[in-house]
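Undergrad: here you go, sequence then predicted model.
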Amino acid sequence: MDGRRSRRLILAAAGVALLLRLAFGLLYWTGKPLTHDEREYLSLAESLAAGRGFTYADSDETGTSPRFGRAPGYPAFLALFPAPSRPESAPALIKIVQSVLGAIGILLIASIARSAAGERAAVISAWLAAVYPPLVWMPSYVLSETLYFPLALLCALLLNMAGAGLRDDVRRSVAAGLIAGIAALVRPGMLIFLPMAAVWLARRRRLAPAVALALAATVVIAPWTLRNLRHFGRFVLIASEGGVTFWTGNHPLARGEGDLAANPELKRHEVAFRAAHPGLSAEALEPLYYREALRQIRNDPAGWLALLVRKAFYTVVPIGPSYTLHSTKYLLATVVPYAVLAPLALAGFVIIRRSGRPPAPLYLLAASVVLTSLIFFPQERFRLTVIDPLIIVGAASAIGGVTRQDS
């Protein structure tokens, strides 16, 4: 397949992807109540747009649900787009903008597949990603994964292009570092990927690009860390939500997958934990969550190791407790495509290894998601941004084979 024809087919896939996402969000997923996370993101965005800074309004108290110390990137993104005050469902404008981001993600997936296995795999991956149900509905939710999705893929694509020459590699690493820093301010899980990527570059004897990547990311993240130090009087690298997330994922009552919404008994314990420390902010509670979780791990290391095994299982097998919260239609639409593509992807990775160019940065991104899930807990929307695109690339390579080997 020649490059011109493949580009036309990929652009057509991106166009179809945009239409599917708009149709789902504007015609089907309408008037749906917001989740706790969505309400918090919109509340912070409203405060930023109104000039009140990165704060929650007192009227945004959500009963027994905790107020998380959020990363600033996604609320700042939402603040760019006018939205009704205290909306009861996802604003249409945000769905439209996020649908565009979803279509851009299709182009990035195709570009990574092209680098790995050639034009045919690029086209197939674009069309698979365009109609992949979880990626279709993701832009209709006010969740940070939708913005993180293209940022993480763009970072991986830039690093995947390394090898053109030292000067170009440093430039691309600077660009990748800046994007990774922005992505970390959207979802702090990117912080786990950054040292992995820097070590990967250094092991390939690309020390200058590795340093450039790290410094560029630091330039983006450091001002927010300094802001936190001044604002809270303690070190908070990006957001304090890591404390309660670590506690939730490593508690003896944790099931190995899903957040507090999927575990009512654990939610009651979390409410009791906050009640035992009245008046403390999310930032002040963060070290207490970590301390209590580590104490529980020390008290029952065997139980925690068993929990770790369950986390590893649920990270790659999407049948955990949070999935059953949804309708049967939702469960089938999310599990069946994954179950069909995953075995093909394994075969595709073997084909890429033998004849293509393995997309190592995307592999590293997926490994960072797995590691994040083991440290905290796995959940579908954490997986969708990286692991599912990787599976799509692998499946496309299995279906289309390798049509070009990059030197």
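TA: Arrived safely, thanks for sending.

Undergrad: find the least confident helix or strand in this protein, judged by mean pLDDT.
TA: Counting by mean pLDDT, DSSP states H and E, the chain has its least confident helix or strand at helix 380-384, which shows a mean of 91.

Undergrad: and the contacts of it?
TA: 134-135, 138, 141, 143, 145, 149, 189, 315, 318, 322-323, 334, 369, 372-373 (C-beta atoms under 8 Å, 6 or more residues apart in numbering). From N, CA and C alone the C-beta is placed, and that goes for glycine too.

Undergrad: show me what secondary structure element comes after it.
TA: helix 387-400 (DSSP states H and E).

Undergrad: roughly how far out does the longest helix seen in the chain sit from the chain middle?
TA: Counting residues, the longest helix found in the chain (DSSP state H) is helix 328-355. Put simply, helix 328-355 sits 19 Å off its chain's centre (C-alpha atoms, centre = their mean, to the nearest Å).

Undergrad: got the angle for that helix vs helix 387-400?
TA: For helix 328-355 against helix 387-400, the angle by axes from the mean of the first three to the mean of the last three C-alpha atoms, to 10 degrees is 60 degrees.

Undergrad: related to what we said a few turns ago, for Ala57, state which of the contacts of helix 380-384 is nearest.
TA: Leu143 (20.4 Å; C-beta to C-beta).

Undergrad: give me the subset of the contacts of helix 380-384 lying in helices.
TA: Filtering the contacts of helix 380-384 for helices - DSSP H - leaves Pro134, Leu135, Glu145, Phe149, Thr315, Thr334, Val369, Thr372, Ser373.

Undergrad: now the buried members of those residues.
TA: Buried subset of the ones in helices among the contacts of helix 380-384 (neighbour count, 16 or more other C-beta atoms under 10 Å): Pro134, Leu135, Glu145, Phe149, Thr315, Thr334, Val369, Thr372, Ser373.

Undergrad: contacting residues for the residue lying farthest from the centre of the chain?
TA: In the chain, the residue that sits farthest from the middle, by C-alpha atoms, centre = their mean, is Asp2; the gap is 33.2 Å. Neighbouring residues of Asp2 by C-beta under 8 Å, 6+ apart: Glu119.

Undergrad: roughly how far does it sit from Val402?
TA: 16 Å (C-beta to C-beta, to the nearest Å).

Undergrad: now do Val186
TA: Distance from Val186 to Val402, by C-beta to C-beta: 33 Å.

Undergrad: go on, Gly320?
TA: Between Gly320 and Val402 the distance is 34 Å, computed by C-beta to C-beta.

Undergrad: show me where the stretch 201-350 of the chain has its helices.
TA: 207-232, 241-250, 264-275, 282-299, 301-316, 328-355 (DSSP state H, counting those that start in this stretch).

Undergrad: so where is the stretch 301-407 of the chain shaky, pLDDT-wise?
TA: Within the stretch 301-407 of the chain, the segments meeting pLDDT under 70 span 404-407.

Undergrad: ah, wrong one, I meant the chain
TA: Looking at the chain by pLDDT under 70, you get 58-66, 163-166, 404-407.

Undergrad: one more time with 80, if that's ok
TA: Within the chain, the segments meeting pLDDT under 80 span 1, 57-67, 162-167, 404-407.

Undergrad: so which bits of stretch 214-223 are buried?
TA: Buried, per 16+ other C-beta under 10 Å, within stretch 214-223: Ala214, Ala216, Ala217, Val220, Ile221.

Undergrad: do stretch 257-269 as well
TA: For stretch 257-269, using 16+ other C-beta under 10 Å, the buried residues are Glu257, Gly258, Asp259, Leu260, Ala261, Ala262, Asn263, Leu266, Lys267.

Undergrad: what sits against Ala396?
TA: Listed by C-beta under 8 Å, 6+ apart, the contact set of Ala396 reads Ala113, Ala117, Ala121, Ala122, Ile124, Ser125, Leu128, Gly348.

Undergrad: surely the last one meets Leu390?
TA: It stands for Gly348. No: counting by C-beta atoms under 8 Å, Leu390 is not a contact partner of Gly348; they are 9.9 Å apart.

Undergrad: who's more crowded, the two?
TA: Gly348 (30 against 22; other C-beta atoms under 10 Å).

Undergrad: which residues touch the more buried one?
TA: Applying C-beta under 8 Å, 6+ apart, the residues contacting Gly348 are Ala117, Val393, Gly394, Ala395, Ala396, Ser397, Ala398, Ile399.

Undergrad: what's the burial count for Val350?
TA: If we define neighbours as other C-beta under 10 Å, then Val350 has 13 of them.

Undergrad: hmm, I was thinking of Tyr74
TA: With other C-beta under 10 Å as criterion, Tyr74 counts 22.

Undergrad: and the helices in the stretch 51-200 of the chain, which stretches?
TA: 73-78, 92-117, 119-131, 133-137, 145-160, 166-186, 190-203.

Undergrad: neighbours of the nearest residue to Ala367 once chain neighbours are set aside, how many?
TA: The spatial neighbour of Ala367 that comes closest, neighbours along the chain excluded (C-beta to C-beta, 6 or more residues apart in numbering), is Met196 at 6.7 Å. With neighbours defined by other C-beta under 10 Å, the count for Met196 comes to 16.

Undergrad: quick revisit: the more surrounded of Val186 and Val402?
TA: Val186 (25 against 19).

Undergrad: and the more buried one, how far from Ala275?
TA: Applying C-beta to C-beta to Val186 and Ala275 gives a distance of 31 Å.

Undergrad: also Trp224?
TA: Taken as C-beta to C-beta, the span from Trp224 to Ala275 is 30 Å.

Undergrad: more neighbours: these two, which one.
TA: Trp224 (20 against 9).

Undergrad: residue contacts, the more buried one?
TA: By C-beta under 8 Å, 6+ apart, the neighbours of Trp224 are Pro72, Leu185, Ile238.

Undergrad: including distance to Leu341, could the buried residues of stretch 214-223 go into a markdown table?
TA: Converted to a markdown table, those look like this (distance: C-beta to C-beta, whole Å):
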| residue | distance to Leu341 |
| --- | --- |
| Ala214 | 34 |
| Ala216 | 34 |
| Ala217 | 31 |
| Val220 | 34 |
| Ile221 | 34 |
